[in-house]
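>>> Show me how the following folds:
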Amino acid sequence: MQSVSVVRYPVQFVGAGPGDPDLITVKGQKALMQADVVIYAGSLVPEALLKWTRPQTLSIDSASLNLEQIVDVIAENWETGKQVVRLHTGDPSLYGAIFEQMAALDAKNIPFTVVPGVTAAFAAAAAMGLEYTLPEISQTLILTRMAGRTPVPESENLEALAGHQASMAIYLSISLIDEVQATLSRAYGPDAACAIAYKISHPEERILYTRIGQLSETVRKENITRQALVIVGKVLEVTLGSLKHRSKLYDKAFTHGFREKDPQ
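Next up is the predicted model:
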């Protein structure tokens, strides 16, 4: 009797987005709808994202699993022909620890693909009505974090990056808020505007505007201990009524490859 070969599918690393189930990409949604097994980071990814899966899909919370256990679960299900989705919060390429998982799968000759997602900094900008790159105000956005249990290269320490006075979204650093405040105060000044974006796109979402000099006091007063970004930069000082500089893209006096300037 002829044996039946098992069809195997590449493992898919999928960015879940910042929390709102509707902020997952269409491609990510389709991956969940087709999955036989979803391994999700339950400490960060809301279970509401699992609404896109089928009733028979096996969902596994990886919060209590280490790297080797996660890879073993993926490998076991891949071997039997299951469509496996590894669901990460936000965009998996940013603080997602996916490269070590991909390296482990590659060592086992297990193919994989990555589906990008919406990271919290962009969901926060949408909620705030904020543009990080305003003409003649800031054309650079820095996404970074403070060194904690996970170290940061010395050349990328917050002091060095803040010296650029660019727009900045600081991840994973609320527990070090005193140090964040001191560093930002030296670079931007204690009276500069900043924002705390807590659980963006979740039902519990809060956006708190304050000054850098009151940053740590605000965080403690509001009892924010995790899942929050600190956003800083000169763009926060610009209101809809005070915009002075406009982009060249839509300027009637500016010619580009798709439009001639208005002769008037």
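>>> thinking residue 9 is in contact with residue 83, fair?
Yes: with contacts defined as C-beta atoms under 8 Å, residue 9 counts as touching residue 83 at a distance of 4.8 Å. All C-beta spots, glycine's among them, are computed from the backbone N, C-alpha and C.
>>> between those two, which one's more packed in?
Neighbour tally, residue 9 and residue 83, criterion other C-beta atoms under 10 Å: the higher count belongs to residue 83, 19 against 15.
>>> Read off the pLDDT value for that one.
We note a pLDDT of 97 for residue 83 in this prediction.
>>> How about the contacts made by residue 12?
For residue 12, the residues meeting the contact criterion (C-beta atoms under 8 Å, 6 or more residues apart in numbering) are 31, 35, 83-86, 112-115.
>>> for the residues you listed, which one is nearest residue 73?
Residue 73 lies nearest to residue 84 out of these, by C-beta to C-beta, at 8.5 Å.
>>> right, and that closest one touches residue 74 too?
Yes: taking contact to mean C-beta under 8 Å, the distance of 5.5 Å between residue 84 and residue 74 places them in contact.
>>> Which neighbours do those two have in common?
Any residue near both residue 84 and residue 74 by C-beta under 8 Å, 6+ apart counts here, and that gives 11, 39.
>>> which other residues reach stretch 70-86?
Counting by C-beta under 8 Å, 6+ apart, residues outside stretch 70-86 touching it are 6-9, 11-14, 31-32, 34-40, 58, 60, 62, 65, 98, 101, 104-105, 108, 110.
>>> from the residues you listed, which ones fall inside helices?
By the criterion of DSSP state H, membership of those in helices covers 31-32, 34, 101, 104-105.
>>> Greatest separation within the residues you listed: which pair is it?
Farthest pair in the ones in helices among the contacts of stretch 70-86 (C-beta to C-beta) is 34 and 104. Separation: 23.4 Å.
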